[in-house]
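Peer 1: Could you look at this predicted model? Sequence included:
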Amino acid sequence: MYKDKIVLCGASAYEQKYYFNQDFSSLPQSIQDELHILCVLYTEEIGGVLTLEFDEEGNLQFQVESLEADAMFDEIGSVLRIKEIQREKRELLEALELYYRVFFLGEDGPETEEEQD
């Protein structure tokens, strides 16, 4: 059904815009809001363009781009900030990957203890 990468959301410091893929509009509003805040704060702090994309296996990837002429873009800060986000928001990011795998890739969800018995 889905090949290549699917963008979940993103933000641009250059255009001062946020994008959310409406294919994911069934996510709770609180999750959508958290993603919005995460992306916008990142681009305000670091600069450039940040997109969160699912790869073919359903892994959520942080993609960062910056203009070559952008002397204000903090490349080292970008790597550190993404690692910090991945650590602080691990549960959210794992839940988003599970959501994508189940609802978009058609995989089975994790077994509950009741199903294992």
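Peer 2: Cool, got the structure.
Peer 1: Neighbours of Leu67, how many?
Peer 2: Counted by other CB atoms under 10 Å, the residues lying close to Leu67 total 13. Any C-beta I mention is one placed from the backbone N, CA and C, and that applies to glycine too.
Peer 1: Report the contact partners of it.
Peer 2: 14, 48, 73 (CB atoms under 8 Å, 6 or more residues apart in numbering).
Peer 1: any idea how far it lies from Lys17?
Peer 2: 15 Å (CB to CB, to the nearest Å).
Peer 1: Now the buried members of the contacts of Leu67.
Peer 2: When the contacts of Leu67 are checked for burial by 16 or more other CB atoms under 10 Å, the buried set is 48, 73.
Peer 1: in the helix or strand encompassing Tyr100, what counts as buried?
Peer 2: In this assignment (DSSP states H and E), Tyr100 forms part of helix 90-103. Going by neighbour count (16+ other CB under 10 Å), the buried part of helix 90-103 is 93, 96-97, 99-101.
Peer 1: got these as a markdown table, with pLDDT columns?
Peer 2: Below are the buried residues of helix 90-103 laid out as a markdown table (pLDDT from 0 to 100):
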| residue | pLDDT |
| --- | --- |
| Leu93 | 98 |
| Leu96 | 98 |
| Glu97 | 97 |
| Tyr99 | 96 |
| Tyr100 | 97 |
| Arg101 | 95 |
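Peer 1: would you list those in JSON lines and tack on distance to Leu8?
Peer 2: Formatted as JSON lines, the buried residues of helix 90-103 follow (distance: CB to CB, whole Å):
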{"residue": "Leu93", "distance to Leu8": "10"}
{"residue": "Leu96", "distance to Leu8": "7"}
{"residue": "Glu97", "distance to Leu8": "10"}
{"residue": "Tyr99", "distance to Leu8": "10"}
{"residue": "Tyr100", "distance to Leu8": "8"}
{"residue": "Arg101", "distance to Leu8": "13"}
